[in-house]
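Undergrad: need a structure here:
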Amino acid sequence: MTYQDLVANSLSDPETFWGEAAKDLTWIHQPKTVLADRAPFYDWFPDGVLNVCYNALDRHVIDGRADQTALIYDSPVTGSQRRYTYAELLDQVARFAGVLRHLGVEKGDRVVIYLPMIPEAVISMLACARIGAVHSVVFGGFAPAELAVRIEDAEPKVVVSASCGIEPTRVVEYKPMLDEAIRRSSHKPEHTVIVQREQSPADLGERDLDWKLLMKPDAVATAECVAVQSTDPLYVLYTSGTTGRPKGIVRDSGGYAVALRWSMTNLYGVQPGETWFCGSDVGWVVGHSYIVYAPLLTGATTVLYEGKPVGTPDAGAYWRLIQEHGAVAAFSAPTAIRAIKKMDPDAALLADYDLSSLRTLFLAGERLDPDTWQWATDALGVPVIDNWWQTETGWPITINPVGIEALPIKPGSSGPATVGYDVQVLDPSGVPVEAGVEGAICLKQPLPPGTLPTLWRDDQRYVDSYLSAFPGYYLSGDGGYVDDDGYVFIMGRTDDVLNVAGHRLSTGSIEEALAGHPSVAECAVIGVRDALKGQVPRALVVLKAGVEPDEQAGEELRRDLVQRVRAEVGAVAALNRVDIVEALPKTRSGKILRKTMRQIADGDEALVPSTIEDVSVLDGLRGVLEGGA
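TA: Next comes the predicted model:
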């Protein structure tokens with residue numbers, strides 16, 4: 001059976017397909033119903049009962065993986081490493097689950113986790129799953145105002161945090177930010193558990209408890225796994241908002257576990273016992289799904305990395321991780337590869353490492369332009385696989401399924417639709433368009449297991465935000481097209497589509513032309529208001545390390561880039577302005593803030609996402625952006 005056949009079967013008979021996939025988990029009560037239709041809501045395995053922590057840890061220990069490494073903590077910012085076998089990780093999780101239970105946390109209660117990339121973050125997540133509590137991970141170092149609204153919305157009984165986080169050039173004090181967030185929130189957690197880090201221990205107050213003291217042997221009784229319904233929430237993950245109440249994406253327990261276990265082997269090609277490195281953060285959905293749950297549900301070894309792709313210490317950081325830990329596959333964001341390419345454009349540092357264990361590099365989170373794909377492919381000599389998905393879906397919508405069938409790679413495409421996803425491209429009236437025609441990329445309901453069933457405590461907002469634009473479809477917010485072979489091309493967010501004198505142009509097509517220039521490390525294109533044409537494109541480009549043109553050479557480079565766009569996209573693109581900048585503003589997951597830059601250029605109120613990586617980069621660009629076209 002080909003992969004295309006498999007996808008067709010998953011859509012025509014989802015009950016049989018996912019019922020079979022569910023057999024890879026250990027259930028307390030095996031589900032008899034696979035899919036319950038409450039359109040526009042859908043429940044996967046509604047009568048099934050299980051525990052996700054049991055499936056991630058206990059069953060592997062029982063089945064002979066007790067001494068296999070489950071988690072590798074690698075922290076160049078502290079110069080330390082730690083390894084946990086499945087038995088050791090289970091012991092730590094059961095202990096902290098006992099701590100939470102001792103602090104009054106019961107099934108269904110929420111726990112907010114505000115931690116850096118340290119083992120305690122993984123332990124806390126799994127401990128919540130063990131006792132049926134709902135975890136909500138918030139980026140360590142998030143601003144007090146943003147943390148406060150999440151505490152207020154989730155109403156946690158306990159917050160787990162640390163005294164500080166460690167960046168390559170500074171120590172970030174977490175405890176004062178946590179205290180300020182709690183002060184601002186109308187909801188007050190009963191306790192906060194603080195991981196004291198030697199780089200900057202915190203003063204503890206009345207509600208604060210020391211992680212180390214609570215985790216002493218025999219301090220509290222360990223906790224066993226609690227039975228939960230498949231449809232019970234495992235976690236709530238808030239999307240980055242700009243104003244108002246954040247959107248809490250709900251993840252169910254059973255459907256998510258089934259989908260992730262299936263994806264790890266079939267999509268990413270990682271088998272039990274193999275080592276996998278995902279260069280994300282547990283504050284993002286990628287960290288939830290592919291640092292923590294998918295590899296551990298599979299019985300693989302996962303690498304937790306407290307560092308950066310560059311600067312800790314150099315652009316060879318990822319290559320060291322792959323060599324040292326024997327990773328068979330790695331997952332990161334295109335922006336990380338672009339950062340590596342910028343600092344080491346000839347990939348000279350690769351010569352220092354043996355990457356013979358690596359079979360595949362996966363990239364997601366921001367559009368993978370063909371030039372970056374080509375650079376990584378040439379440098380690594382292994383398949384570089386794009387994949388597209390969202391916080392809401394929890395796992396890939398499109399990918400080249402290397403665990404089943406290595407399909408041809410098409411640069412610029414994130415691959416064909418994944419099993420369970422009926423991807424459709426719709427015009428503004430909701431009618432499917434022909435192959436090759438751009439439109440709004442939507443997913444026909446029902447969505448597969450693992451995707452969001454609703455928003456936290458707000459069914460109506462879920463319908464209004466995702467299901468109302470085109471009834472019967474989930475609106476992804478991304479635009480693009482599907483070719484004759486079923487490959488999906490994501491060209492950018494639908495609000496990033498330019499309308500130049502009546503011609504609709506995607507930012508992705510212009511950026512693709514710019515990124516192909518040998519001097520360009522990365523770029524962004526925004527549409528700026530124009531009295532005559534409605535909108536005109538403006539380009540901001542970051543040059544590769546070592547490319548430092550003088551004023552005359554800079555002007556020549558700008559002219560070359562304009563001509564390149566005219567040649568590859570057409571004169572209709574009307575690109576006349578190219579600014580060379582030091583860096584582009586991004587979220588912590590690597591998404592470029594095109595919308596925010598566009599608002600500044602148009603003179604509108606700029607909505608800055610709370611997840612911005614470095615606000616000084618955006619502030620530094622204001623002078624360049626202001627003044628429109």
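
Undergrad: centroid-nearest residue for this protein?
TA: Nearest to the mean C-alpha position of the chain, by CA atoms, centre = their mean, lies residue 286 at 3.5 Å.

Undergrad: ok, now which ones touch the nearest residue to that one once chain neighbours are set aside?
TA: Closest residue to residue 286 apart from its sequence neighbours, by CB to CB, 6 or more residues apart in numbering: residue 280 at 3.9 Å. In short, each C-beta sits where N, CA and C put it, glycine included. Shown here is residue 280, whose contacts under the criterion CB atoms under 8 Å, 6 or more residues apart in numbering are 286, 287, 290, 291, 331, 332, 333, 365, 589.

Undergrad: dihedrals phi and psi, the fourth one?
TA: In other words, residue 291. Comment: the main-chain dihedrals of residue 291 come out as phi -100, psi -40, following degrees, to the nearest 10.

Undergrad: what separation do you get for it and residue 462?
TA: Distance of residue 291 to residue 462, given as CB to CB, to the nearest Å: 26 Å.

Undergrad: now do the SS call for residue 112.
TA: Applying DSSP: H, G, I helix; E, B strand; the rest coil to residue 112 yields a three-state assignment of strand.

Undergrad: nearest spatial neighbour of it, skipping sequence neighbours?
TA: Of all residues beyond its chain neighbours, the one nearest residue 112 is residue 156 (4.2 Å), with distances taken as CB to CB, 6+ apart.

Undergrad: how close does the one you found sit to residue 252?
TA: Using CB to CB, residue 156 is found at 19 Å from residue 252.

Undergrad: cool, residue 111 as well?
TA: Using CB to CB, one gets 17 Å for the distance from residue 111 to residue 252.

Undergrad: same thing with residue 105?
TA: Between residue 105 and residue 252 the distance is 20 Å, computed by CB to CB.

Undergrad: who has more neighbours out of these two?
TA: Legend: neighbour count by other CB atoms under 10 Å for residue 105 and residue 252, higher for residue 252 (29 against 25).

Undergrad: what residues are up against that one?
TA: For residue 252, the contacting residues are 43, 44, 230, 231, 232, 233, 234, 450, 453, taking CB under 8 Å, 6+ apart as the criterion.

Undergrad: burial of the last one, as a residue count?
TA: One way to gauge burial is a neighbour count; for residue 453, by other CB under 10 Å, it gives 22.

Undergrad: wait, it touches residue 42, no?
TA: Yes. Contact criterion CB atoms under 8 Å: residue 453 and residue 42 qualify, at 7.1 Å.

Undergrad: contacting residues around the helix or strand encompassing residue 320?
TA: Assignment of secondary structure by DSSP states H and E places residue 320 within helix 317-325. Residues external to helix 317-325 that are found in contact with it (CB under 8 Å, 6+ apart): 72, 74, 76, 275, 277, 279, 301, 303, 305, 307-311, 327, 330, 332, 336, 340, 349-350, 352-355, 357-358.

Undergrad: keep only those of those residues that are in strands.
TA: Judged by DSSP state E, strands contain the following of the contacts of helix 317-325: 72, 74, 275, 277, 301, 303, 305, 330, 332.

Undergrad: the helices in the stretch 401-550 of the chain, which residues?
TA: 459-462, 507-515 (DSSP state H, counting those that start in this stretch).

Undergrad: and the shortest one, average pLDDT?
TA: Predicted confidence along helix 459-462 averages 95 (mean pLDDT).
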